[in-house]
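Novice: Need coordinates for the following:
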Amino acid sequence: MQVQKLRLQHGWSQQQLAELSGLSVRTIQRIENGQTPSVESLKSLASVFEIDFSALSSETTMTASQTIDHDEQLALKRVRKLKGFYIHLFNYAIVMVALVVINLMTNPQTLWVVWPALGWGLGVLLHGARVFEWMPFFGAQWERKQVEKRLGRPL
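Specialist: Numbers count the residues shown, from 1 in each chain. Below you'll find the predicted structure:
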């Protein structure tokens, strides 16, 4: 089994796996991205996952795309998009709070903070619309139709 798949099955973050295995987070990232791990790293991971070393070492010879099936790839891609949106939203909230405080402390008569809030807020809204597929055009359904069209398959 692939390291990333095992880690997700256990519900661990990369940081948690790194702490349990004694490896660095960067090493875990490299292994999950398809880089061939050392024997020591494999032994450590096999110990943490409580599986046979040979089962883990034989799986690392395959590429990540071979071991993760199509549904898992789509789910992982979707989760990464969600994560990107939530990070964007969090950054927006933190920066806007800071700008409101700065605005109120320096010039409370003029609320200039409205303009960056509206501009960036529109960007966050469009990002959310794309991630949550609120817009029917250019969504997953549109992509599938375009792929089928390019491959010459009937729609």
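Novice: Could you list which residues are in contact with V113?
Specialist: 96, 99-100, 102-103 (CB atoms under 8 Å, 6 or more residues apart in numbering). Bear in mind the C-beta positions are built from the backbone N, C-alpha and C, glycine included.
Novice: Would you tell me which helix is longest in this protein?
Specialist: Criterion DSSP state H: the longest helix present in the chain is helix 70-106.
Novice: Pull out the buried positions in whichever strand or helix holds W115.
Specialist: Using DSSP states H and E, W115 sits within helix 114-131. Using 16 or more other CB atoms under 10 Å as the test for burial, helix 114-131 gives 117, 120, 124, 127, 131.
Novice: Would you check those and say which has the weakest pLDDT?
Specialist: Lowest pLDDT among these: V131, with 88.
Novice: Need the pLDDT of the closest residue to that one other than its chain neighbours.
Specialist: Of all residues not flanking V131 in the chain, F85 sits nearest, at 4.4 Å (CB to CB, 6 or more residues apart in numbering). Confidence at F85, expressed as pLDDT, is 96.
Novice: And the pLDDT at the residue nearest to the spatial centre of the chain?
Specialist: In the chain, the residue lying closest to the centroid (CA atoms, centre = their mean) is R80, at 2.6 Å. Per-residue confidence (pLDDT) for R80: 92.
Novice: what's the distance between it and M96?
Specialist: 25 Å (CB to CB, to the nearest Å).
Novice: quick revisit: packing partners for the helix holding W115?
Specialist: Judged by 3 or more CB pairs under 8 Å, 6 or more residues apart in numbering; DSSP states H and E, helix 114-131 is in contact with helix 70-106.
Novice: I am finished for the moment; much appreciated.
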